[in-house]
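> need a structure here:
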Amino acid sequence: MRVLYQFPLSHYCEKARWILDYKELDYVAHNLVPGLHRSFVNRKTKAQSHTLPLLNDQQHWVADSTKIALYLDEQYPEKKVIRSHYAMKSTIYEINQIASELGEYVRRWTLAHIILNHPESLDIIVGERGYLKKFERYSKPFIKSLLQKNYQLNESSLKEAYEHIIRLTNQLNQYAERKVGTYLIGDRLSLADISVCSMLAPLLNIAGTPWEQDVKQRTEDTLCLEEKIKNLAIGHYILQIYATERDARTDWRGI
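Residues are numbered from 1 along each chain as shown. From the prediction side, this is the model:
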């Protein structure tokens with residue numbers, strides 16, 4: 001069985017899940033423990049990576065959501081997410097690169113404002129079984145402290161993250177304003193669409209996504225940023241793509 005090792009709340013893992021779902025490939029989403037995942041990924045990729053998502057397909061291990069896209073297009077060419085036409089391929093990579101950079105700042109912002117301050121999100125990280133659940137009284141504070149330290153979740157870094165989110169979102173918004181049809185590139189879904197939608201989804205409180213929350217739980221900062229993005233062409237586009245194209249075949253909560 002094909003296995004995607006993931007963090008349920010990671011937007012990079014959402015990107016990999018979406019590619020697998022779009023290609024209609026069966027897989028199991030298997031959760032790893034934040035921090036402890038590094039040695040597992042490092043060992044499986046022979047020290048080439050320590051980050052998730054990590055795909056195991058017929059004993060072939062691929063880390064990084066973009067590399068997973070490339071691998072799956074090569075092995076399963078039906079419904080490619082990267083076009084063969086040079087100009088289209090170049091633009092897809094360009095958009096994907098901007099979205100990937102944006103994702104780094106979205107991760108920091110989301111951890112601080114949406115995930116670590118909400119019990120429901122911490123419950124998802126801890127999982128429903130295993131030692132983390134058994135000793136959640138200790139594991140939750142440990143994970144929260146670990147993530148705060150690793151991603152430097154302080155006032156200065158969060159201010160910087162916000163500024164980069166606005167800058168990079170505005171760059172992507174230019175593509176949304178110029179698009180002719182439904183999609184950013186061409187007449188069907190591509191890696192560009194999946195990357196942009198996955199990276200910004202945590203900020204938009206979209207129903208059915210891992211980051212959906214009661215509005216009352218969201219801080220004023222998150223609500224203001226959400227409204228700002230939703231008022232842009234890129235915001236309207238993301239909501240439309242999630243509503244019409246995100247056909248999940250596997251529960252993002254994983255096992």
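> What segments of the stretch 51-200 of the chain are strands?
Along the stretch 51-200 of the chain, counting by DSSP state E, counting those that start in this stretch, strands occupy 54-57, 60-63.
> tell me the mean pLDDT over the last one?
This means strand 60-63. Averaged over strand 60-63, pLDDT sits at 94.
> With stretch 28-44 instead?
Stretch 28-44 comes out at a mean pLDDT of 85.
> Show me the contact partners of that stretch.
For stretch 28-44, the external contacting residues (C-beta atoms under 8 Å, 6 or more residues apart in numbering) are 1-8, 13, 17, 49-52, 54, 56, 61, 63, 125, 127, 132, 143, 146-147, 150, 250-255. The way it works is simple: take the backbone N, C-alpha and C, and place the C-beta from them, glycine included.
> hey, which of the strands of the stretch 51-200 of the chain is tucked in deepest?
Looking across the strands of the stretch 51-200 of the chain with neighbours counted as mean count of other C-beta atoms under 10 Å, the highest average goes to strand 54-57: a mean of 22.
> which secondary structure elements does it contact?
On a contact count with 3 or more C-beta pairs under 8 Å, 6 or more residues apart in numbering; DSSP states H and E, strand 54-57 meets strand 3-6, helix 37-44, strand 60-63, helix 65-75.
> can you pull the contacts of I95?
Taking C-beta under 8 Å, 6+ apart as the definition, contacts of I95 comprise 172, 175, 184-185, 192, 195-196.
> Including distance to K23, could the helices and strands packed on strand 54-57 go into JSON lines?
Below are the helices and strands packed on strand 54-57 laid out as JSON lines (distance: least, C-beta to C-beta, whole Å):
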{"stretch": "strand 3-6", "distance to K23": "12"}
{"stretch": "helix 37-44", "distance to K23": "22"}
{"stretch": "strand 60-63", "distance to K23": "14"}
{"stretch": "helix 65-75", "distance to K23": "6"}
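> Could you count how many residues lie near R43?
By other C-beta atoms under 10 Å, the residues close to R43 number 11.
> Switch the contacts of I95 over to TSV; also include neighbour count and pLDDT.
Below are these laid out as TSV (neighbours: other C-beta atoms under 10 Å; pLDDT from 0 to 100):
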residue	neighbour count	pLDDT
L172	25	98
Y175	19	98
L184	25	97
I185	25	95
A192	27	98
S195	31	98
V196	27	98
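> Was I right to think A16 contacts L55?
Yes - in this structure, A16 is within contact of L55 by C-beta atoms under 8 Å, at 6.8 Å.
> Residues that sit against both of those two, list them.
Listed as contacting both A16 and L55 by C-beta under 8 Å, 6+ apart are 4, 68.
> sorry, back to before: of the contacts of stretch 28-44, just the buried ones, PyMOL syntax please.
Burial among those is assessed by 16 or more other C-beta atoms under 10 Å; the matching PyMOL selection reads:
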select buried, resi 4+5+6+7+8+13+17+49+51+52+54+56+61+63+125+127+132+143+147+250+252+254
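> related to what we said a few turns ago, quick check: the two most widely separated of the contacts of I95?
Between any two of these, the greatest separation by C-beta to C-beta is 12.5 Å, found for L172 and I185.
> Which one, of the strands of the stretch 51-200 of the chain, ends up nearest to I114?
strand 54-57 (23.9 Å).
> ok, back up a step: in JSON lines, list the contacts of I95 along with distance to E227.
As requested, the contacts of I95 are arranged in JSON lines below (distance: C-beta to C-beta, whole Å):
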{"residue": "L172", "distance to E227": "17"}
{"residue": "Y175", "distance to E227": "21"}
{"residue": "L184", "distance to E227": "23"}
{"residue": "I185", "distance to E227": "27"}
{"residue": "A192", "distance to E227": "25"}
{"residue": "S195", "distance to E227": "23"}
{"residue": "V196", "distance to E227": "19"}
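> how about low-confidence regions in the protein?
Low-confidence segments of the chain (pLDDT under 70): 47, 122, 126-140, 142.
> That one: helices as residue ranges?
Using DSSP state H, the helices of the chain run over 11-22, 37-44, 65-75, 86-110, 119-126, 131-134, 136-150, 155-178, 191-200, 220-230, 233-245.
> Good, wrapping up.
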